[in-house]
Structure formats: structure tokens, C-alpha cells
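Visitor: Could you work out the structure for the sequence below:
(chains A, B, C and D)
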Number of protein chains: 2
Amino acid sequence: MDDGQPPEPQNERPRTRIQRRNTRAILDAALEVFSREGFRGATLDMIAQAAGLSKPNLLYYFSSKEAIHGELLSELMDTWLDPLRELDPAGEPAEEILAYVRRKLEMSRDMPRESRLFANEIIQGAPRMMEAIEGELKTLVDEKAAVIRGWIEAGRIADVDPYHLIFSIWALTQHYADFDVQVRAVLGPGHDPFPEAESFLEMLYTRLLNR
Amino acid sequence: MDDGQPPEPQNERPRTRIQRRNTRAILDAALEVFSREGFRGATLDMIAQAAGLSKPNLLYYFSSKEAIHGELLSELMDTWLDPLRELDPAGEPAEEILAYVRRKLEMSRDMPRESRLFANEIIQGAPRMMEAIEGELKTLVDEKAAVIRGWIEAGRIADVDPYHLIFSIWALTQHYADFDVQVRAVLGPGHDPFPEAESFLEMLYTRLLNR
DNA sequence: CTATTGTTTGACCAAATGGTCAGGATGACG
DNA sequence: CGTCATCCTGACCATTTGGTCAAACAATAG
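Guide: Below is the predicted model:
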């Protein structure tokens, strides 16, 4: 017995195998397209083609272009903050921060599209994400900045601004995802930047924090 | 006596006062829009409105949307590389690199739209800039990386990968332009990030390079 | 003033775009 | 097999978009 409402399967967890498969295909295709073209630059036709589905079929699973984009962004917010959440106040300070850097660099290597989706959103002024940034993200950063400040006051790492320390980690690691084509073009073909980047960043943060 | 060709004033230097004024207005408006929305996301109507001109009037001065974007990009390439060009092989190594960092940070503060235009282009895979990146940009970076390597081999600064050193400067400085809204959201309102950023980066590169 | 050149616009066009809908195809399940 | 819910599509629609054009409107040189 249907109450007349369309299914809108994206609101609840997908129920059938087909739903799960197609929802995934759509979100994956949308990630590809949105991360490259931005929200306005992406079209439903591009996404449909990348997903191997027809445009009306997309709109059977998601109510609108906005809905697809929104779903991607909220999925992203979670995974995006995970590496920082793991920063352990009880750990060894310099090692905790270096481990965070390594986790973020891995994300740049393994999830470059997500990184670019995020970058696109921020560059545009975060019109669809401001709330999460002023809320969830700021709260987490404030908390971890306080942890780092504690380490500094205990004399366990050098005195640096904790906020700009975190910004620097974001900037340096995400650069290898967002500016990937530039990095590779400059280094020349067949040159994997990531191993070098890891040792460079390790050296950088070791020298910055020690003493 | 006209040969039948439209004027296309953008090819040569603007001749009349009106041309100069309107070309400037268009490029300024286009910078605003393209840097926010990306190439595909920007529309001629947005640009026309921001410039205070009608859409057909835009197309009197520029032959197409592509032409406006292209003009912006080639203007950009010049100014973008200037700070690195100024890196003086005859200068004091650490001071030269710090001065480069400062120049780039100033550009992020004073030309954030240009920075975002560039970021947008790279994130999209540099479809309209690959040539300049593999040519002009790579050549300049190779040259300056060699200079830095010389300084390292002379024992005048610490041993770091010159390429990743340059990438790090790009990443850290451009972050304050491209991710401006995020930085400000995290730091809270009425908080200018740039003075702090400058001393943070000075400390970072001093510690990285000394010894 | 007048002719010429430079500037602007309203009206228009074809293609692209986000979205709808009725009906048909394809499961799942007893 | 039949039935019901899920899944899919071609045709369609209104709006947006990049771009054209003829005609109107300045600016200015002679």
C-alpha cells in the first residue's frame, strides 16, 4: 500500500540490491563530476553518463541535483574530520602530529576526488557547508588546538600557533590532491610525488616542533 | 574603411578610452565570477551584470566566453610567477626564500580572486593551462630548484627537496586565499589571519632551513 | 553640421539543462 | 504462473545559456 509519495530511496538506507548498486554508482559518478566541475559546472547528463544510467533514472533515486550534491557533502564531512579526531591527547605530542600529517597525506593519495570536492566547495565560499564548518569543524579544531596548546605549555613541543599549525597540515597535504596535475607536470612524467612528499613533510614538522 | 571584420578590440591594445574602461570592467567582473564559479559554472549573464553591461555588449569586446577566460589566464600566468622570478641566486639563501614566502603571502592577501581562478583551473585538470604549466612554469621551477640545490650543496641551507620546498610555499601561502572562508570561520569573526600567518610561516621556514 | 567610426541594445536563435510524467519493463515472491 | 512493487525510459517542458544581428545611438574628426 503506497501513500502516494514517491519512493525517494536516498533518505533511508537503500533496501534492495538494485538500489544499493545504483545509488552507489550515482554517488561515485557524481563525485567524479562535481569534484572536477564544481556544483554549477556539473550537469545531470554528465553524471548520468558516468554512472551508466539515464537522466530520469538518476532522478528516480535522487530528488534533484542538489540532493546528490548534498548527500556527497554530508558523507564527506564525516570522513574528512576523522584523521583529526584520532589525534590522541594522551599520545606523544610530536608523534601524534606526525601521524596526523601521514593520515591526511594518505587521504590525499587515496581520495583525491573527495579532496577536490571539498576544495571546490570552500573556494566557492562554502555556500552549502558553512553550517558544518562553523559548527562541527570549528568545534573539533578548537578542541584539538587546546590539546596542542597544552603540549606547548608543558614544553613538550616548540611554541607555534596551534591553529596555523593545523591549517598548515591541511594546506600541505591537500595540495598534493588538489594541485596534483601541477605537481606531476612540474616533476615530470612517471614520477610519484607521494613518497617524497611524506619524507619532506616528516622532516618539516620534525624540525618545526622539536625543542 | 572597414574590411568587413568586426573590431575585436581585445586582440590589440585598447585604443579608445571607452574600450579601455569597458575591457577592464569586463575582466574585473569576469575574474570575480570565474574565480568563484569556475569556467563552466560562470555565465555571461553573471559577468555582464557584475560589469554593468549588457550581454551583447560583452560580446562586442570579447568574441566569446572562452576569450574572456583565456585573457584572464594569460594575464594571470605573468603576475603569478613574478615572485618566484625575483628569487635571487646571488642573495642570502634563507633570506631569499623567506622573502619569496612573504611575497606569495602578500599575493594571497591582495589578490585572492586571482589565486582562486588559478586553483579552479588546476583542480579541473588545467585543461586550458597545461601548456603554460609544462612550459613556462616548469622551466622556471626547474631553474630555481637548481639554484636552491646549489645553496644546499654549498651547505648554506639545510638539505631539503627543492621541488617540495617550492610546493610547500605554494600550498601554505595560497591556502590563505583559496580557503579564506574556512580559515576565518575557524578563527572566528573579526580575526585577520594574515599577520599571524606571516610570523608562523617565518618561524616554519627558518626552522626548516637553518643549520 | 555631417559623415564616419565606434558603441549599445532589443529581439532572436539553437542548444543545453534541470526536471516531470505516463506507461512499460523487470524483478520478487507466493 | 500471476500479482504487486520496484525499476526504467522516451517524450516532453520551461528555463537558461552562449551567441548573432540589424538597427539605433554616441563621439568625434573634418
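
Visitor: Going by C-alpha atoms from here, please, whenever you check contacts or count neighbours.
Guide: Fine.

Visitor: what's the burial count for the residue nearest to A:Thr23 when sequence neighbours are not counted?
Guide: In this structure, A:Thr23 finds its nearest non-sequential neighbour in A:Tyr61, 6.7 Å apart by C-alpha to C-alpha, 6 or more residues apart in numbering or on different chains. Applying other C-alpha atoms under 10 Å in any protein chain shown, we find 21 residues neighbouring A:Tyr61.

Visitor: Centre of the chain to the host helix or strand of A:Arg103, how far?
Guide: Assigned by DSSP states H and E, A:Arg103 belongs to helix A:93-110. Distance, stretch centre to chain centre, for helix A:93-110: 14 Å (C-alpha atoms, centre = their mean, to the nearest Å).

Visitor: Which elements pack onto it?
Guide: Here helix A:93-110 touches helix A:65-85, helix A:162-178, helix A:193-209, going by 3 or more C-alpha pairs under 8 Å, 6 or more residues apart in numbering or on different chains; DSSP states H and E.

Visitor: Most tightly packed of the ones you listed?
Guide: Among the helices and strands packed on helix A:93-110, helix A:162-178 has the highest mean neighbour count (mean count of other C-alpha atoms under 10 Å in any protein chain shown), at a mean of 23.

Visitor: Which residue does chain A have closest to chain B?
Guide: A:Gly41 (4.1 Å; C-alpha to the nearest C-alpha).

Visitor: Now do the same contact list for A:Ala177.
Guide: Going by C-alpha atoms under 8 Å, 6 or more residues apart in numbering or on different chains, A:Ala177 touches A:Ser108, A:Arg109, A:Met111, A:Pro112, A:Arg113, A:Ser115, A:Arg116.

Visitor: Distance check, the closest residue to the fifth one other than its chain neighbours against B:Tyr176.
Guide: Yep, that's A:Arg113 we're talking about. Spatial nearest neighbour of A:Arg113, excluding adjacent residues (C-alpha to C-alpha, 6+ apart): A:Ser35 at 5.7 Å. With distances taken as C-alpha to C-alpha, to the nearest Å, A:Ser35 is found 21 Å from B:Tyr176.

Visitor: Repeat that for A:Glu131.
Guide: For A:Glu131, the distance to B:Tyr176 equals 20 Å [C-alpha to C-alpha].

Visitor: residues in chain A within reach of DNA strand C, list them.
Guide: Residues of chain A lying close to DNA strand C by C-alpha under 7 Å from any atom of the strand are A:17, A:40, A:42-45, A:55-56, A:59, A:63-66.

Visitor: residues in contact with A:Asp192?
Guide: If you count contacts by C-alpha under 8 Å, 6+ apart, A:Asp192 has them with A:Arg184.

Visitor: Go ahead and confirm A:His164 touches B:Ala197.
Guide: Yes - if you go by C-alpha atoms under 8 Å, A:His164 and B:Ala197 touch, sitting 6.8 Å apart.

Visitor: neighbours around A:Met160, how many?
Guide: That one is not Met; residue A:160 is Val. 17.

Visitor: for it, what are its contacts?
Guide: By C-alpha under 8 Å, 6+ apart, the contact set of A:Val160 is A:Ile152, A:Leu209, B:Phe200.

Visitor: And it, its phi and psi?
Guide: The phi and psi values for A:Val160, taken as degrees, to the nearest 10, are phi -130, psi 160.

Visitor: which helices and strands sit right next to the helix of greatest length in chain A?
Guide: Using DSSP state H, we find that the single longest helix of chain A is helix A:17-41. Applying 3+ C-alpha pairs under 8 Å, 6+ apart, we find helix A:17-41 packed against helix A:44-51, helix A:55-61, helix A:65-85, helix A:112-123, helix B:17-41.

Visitor: wait, which of those helices is closest to B:Tyr205?
Guide: When these are compared by C-alpha to C-alpha, helix A:65-85 sits nearest B:Tyr205, at 23.9 Å.

Visitor: Can you tell me which of the contacts of A:Val160 is nearest B:Asp78?
Guide: Nearest to B:Asp78 among the contacts of A:Val160, with distances taken as C-alpha to C-alpha, is B:Phe200, at 27.9 Å.
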